[in-house]
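Q: Need the 3D shape of this:
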Amino acid sequence: MFETTKIKLLNNYVILSRLIVNLYNQIRVEMIFSNTCLGSVLWLAWETMRLTHMYSVLIIISIVGMVATWLLKIAKKKLAPWHQETRIT
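A: Numbering: from 1, shown residues only. As a prediction, the model looks like this:
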């Protein structure tokens, strides 16, 4: 019984890591290749020196990044409860 639970938790951790990689890849592709989303708005604002547009897009991107990080931390706690985060300071 314990081995089955361990395997299920490991599968959840693999799914979570794939979700994180796919999310970051999707954001990078949108920022580089899109013609109508935040990446293109940021590039156009930078080229035409519209500083209010540029900084507003940067703030939106920052908020989206913080919310995505927060949601992924919550998902990690639920899907991989044994994982201990270590930081080098």
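Q: now the chain, which segments are flagged as low pLDDT?
A: Along the chain, segments meeting pLDDT under 70 span 1-13, 16, 31, 89.
Q: now the helices: where do they sit in it?
A: Under the criterion DSSP state H, the chain contains helices at 2-33, 38-47, 51-79.
Q: Deepest-packed of these, please.
A: helix 38-47 (a mean of 16; mean count of other Cβ atoms under 10 Å). Placement of C-beta: from N, CA and C, glycine included.
Q: List the contacts of that helix.
A: 30-34, 50-51, 53-54, 57-58, 60-61 (Cβ atoms under 8 Å, 6 or more residues apart in numbering).
Q: Please write out the alpha-carbon positions of it in PDB.
A: Only the C-alpha atoms of helix 38-47 are listed here, as PDB (Å, rounded to 0.1, in the frame of the first residue of the first chain):
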ATOM      1  CA  LEU A  38       1.800  41.600 -24.600                       C
ATOM      2  CA  GLY A  39       5.100  40.900 -26.200                       C
ATOM      3  CA  SER A  40       4.200  42.800 -29.400                       C
ATOM      4  CA  VAL A  41       2.600  45.700 -27.400                       C
ATOM      5  CA  LEU A  42       5.800  45.900 -25.300                       C
ATOM      6  CA  TRP A  43       8.000  45.900 -28.400                       C
ATOM      7  CA  LEU A  44       5.900  48.600 -30.200                       C
ATOM      8  CA  ALA A  45       5.900  50.800 -27.100                       C
ATOM      9  CA  TRP A  46       9.700  50.500 -26.800                       C
ATOM     10  CA  GLU A  47      10.200  51.300 -30.500                       C
END
